[in-house]
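**Q** Could you work out the structure for the sequence below:
(chains A and B)
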Amino acid sequence: MNDFPIVQYALVAVITLGFTSLSYSIFITYLILKRFNDFGDSSCKLGEYAPKGPGYTRMVDNVPVNEKYFLQADYGVDPYSTRKHSIPEVLLKNMKKEDMDNDII
Amino acid sequence: MAVLCKSCAGRLIFNPASQKLECKACGSSYRPEDVEDIYAPKDSKYYDTRVYTCGHCGAEIITSDTETSTFCVYCGNPAIVFSRISREYRPDGLIPFKITKEEAISRIREKFLKNPIVPKEIAAKCKPENIRGIYVPYWVINADFTEADYISGEVTHGKQTYTEYFSRACETRIRNLPIDGSRILSDDTSLKLEPFFLEDSKDFDEDYLNGFYSNTSDLRYYDLREAAKERCHKLVAEEVVKSIPPKANKVKIRESIYWIDIDDDPIYMMMPVWFFTFMHEGKPYTILVNGQTGKVVGTMPWQNKRVLAIACTVFVLVSAFLSVFFIATKDGWINNVGTLYFYAFALLIAFGMFVFTKGITGLRRVFQNLRLTQSADIFHYVKKRQE
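**A** Here you go, the predicted model:
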């Protein structure tokens, strides 16, 4: 211990203590701000809107790196593209309104 | 337009506490479904409103004729002028306000204003004149949703850590998902207001709007589709990550492909929200209260001096505490008192590194929420619409 240079020892001490103290002070400040000033994280989960759960069609672990290309091949095309829909009048009106605004500009 | 009292022709205001329309002049009360408005028959596709425009942010605020707008509920600016009478599309339904203005104020006070780091002058601003009830437009959708994810995670075997990959795909049926129908209110903010419980919803009747403001949906079909798609992706991705075996750490979705198909006839709804808007040091702030559940959403400004004082005090205390350990090590006390102190010291340092990341991430989230509360996003959305 006595062979350890005092300057280096002091430097390590200041950096380590400074960083650790800073860490604790940042963390405690965060806890205080979160506890008293910050409210309202969304608590909604998928189960509230999909009672049957996600409905997995593929669930494979430890896949090869090129799996993403297989996913792209299997799911890269919109499966609903052939379905036709009627658009609600309000949304249609907003679409037309925006087109008209763009024309004016 | 608002209906008048059958007894005295006074103006009727909807009271969330009694769920009835009440006449302030003679005290009569009526159920909204029993009052008929001859100017806006219930089978009409439209209803009449008064539109005010904010000269500062450009937002349009819609009221029934019982409420006069005096300042912008979005940015807090008083530069508000009556613009026109407008015929708006009649929504399919609404959830009436259940939380009264007084309850909203007391919830805000309870959450924020007992706190010593919140500036004192804000408590004085939390009064009925600064709180407005707004029916915010939402679309409630049913949809089919498909998602495929390519996921990575770090797995440790013995002393070796390597990256393992996972693949997940799912087809999900989504029911009654509310999507914010206004581009003025940011999606991040509206998401925090949830949940809204549709069991309390009523067929739309403009009598419920008496005494409140309302906003109309300015979304296009494309916007609704994209918002719903992103919302479903967030919900599904959260579940997908949970399906990864617990042996994997630092799980991250690398790539996602997702598609949505919204059923015909999404329901156009009005949801009740209390807006507490105020200016502090030249910046606008908006705290929201869910008008059905009373959930408070927002971030209050704080007194920088007090927060800095707390941070400095913690810094000094921790430094002093650790210094004692450090000096003890240097002077060889450790040999006398055993290695327990050394391990405790090392643990404190290691935990310090862990809380550093936690603290920085958390502070970033608090500041992000503060920016939302400062309604910069609302301002941005409105400006974007005007460009």
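**Q** so where's chain A uncertain?
**A** Low-confidence segments of chain A, defined by pLDDT under 70: A:1-4, A:39-43, A:97-105.
**Q** redo that, cut-off 90
**A** A:1-21, A:24-25, A:28-45, A:48, A:51-53, A:65-68, A:81, A:83-105 (pLDDT under 90).
**Q** ok, then the element right after the biggest strand by length in it?
**A** Ordering each strand of chain A by length in residues (DSSP state E) puts strand A:56-61 first. Downstream of strand A:56-61, the next assigned helix or strand under DSSP states H and E is helix A:67-75.
**Q** and A:Leu91, how far is that from B:Ser44?
**A** 19 Å (C-beta to C-beta, to the nearest Å). Yep, even glycine has a C-beta here, placed from its N, CA and C like the rest.
**Q** Compare these two and say which is more crowded by neighbours.
**A** Taking neighbours as other C-beta atoms under 10 Å in any protein chain shown, A:Leu91 and B:Ser44 compare with A:Leu91 leading, 23 against 12.
**Q** Which residue ranges of the stretch 201-350 of chain B form strands?
**A** B:202-203, B:213-214, B:248-262, B:267-280, B:283-290, B:296-299 (DSSP state E, counting those that start in this stretch).
**Q** Is the third one positioned near chain A?
**A** Same thing as strand B:248-262. Yes. Residues of strand B:248-262 contacting chain A under C-beta under 8 Å from any C-beta of the partner chain: B:Arg254, B:Glu255, B:Ile257, B:Trp259, B:Ile260, B:Asp261, B:Ile262.
**Q** Could you pull out the buried residues of that strand?
**A** Residues B:Ala248, B:Val251, B:Ile253, B:Ser256, B:Ile257, B:Tyr258, B:Trp259, B:Ile260, B:Asp261, B:Ile262 are the ones in strand B:248-262 that count as buried (16 or more other C-beta atoms under 10 Å in any protein chain shown).
**Q** How about the fourth one?
**A** Taking 16+ other C-beta under 10 Å as the neighbour-count basis, strand B:267-280 is seen to contain the buried residues B:267-278, B:280.
**Q** What residue, apart from its backbone neighbours, is nearest B:Lys247 spatially?
**A** B:Val155 (5.5 Å; C-beta to C-beta, 6 or more residues apart in numbering or on different chains).
**Q** what's around the one you found, how many residues?
**A** B:Val155: 17 neighbours (other C-beta under 10 Å).
**Q** since we're on the nearest residue to A:Val60 once chain neighbours are set aside, how many residues are nearby?
**A** In space, and not counting its chain neighbours, A:Val60 is closest to B:Ser167: 4.8 Å by C-beta to C-beta, 6+ apart. For B:Ser167, the count of nearby residues is 20 (other C-beta under 10 Å).
**Q** Can you pull out the low-pLDDT segments for the stretch 1-150 of chain B?
**A** Looking at the stretch 1-150 of chain B by pLDDT under 90, you get B:1-91, B:109-136.
**Q** Strands along that one, start to end?
**A** B:12-15, B:20-23, B:29-30, B:46-54, B:60-63, B:80-89, B:93-94, B:131-157.
**Q** Just confirm the residue nearest to A:Val60 contacts B:Asp149, I think it does.
**A** Yes. B:Ser167 lies in contact with B:Asp149 (C-beta atoms under 8 Å); the separation is 7.2 Å.
**Q** Need the overlap of contacts for those two.
**A** Common contact partners of B:Ser167 and B:Asp149 (C-beta atoms under 8 Å, 6 or more residues apart in numbering or on different chains): A:Leu71.
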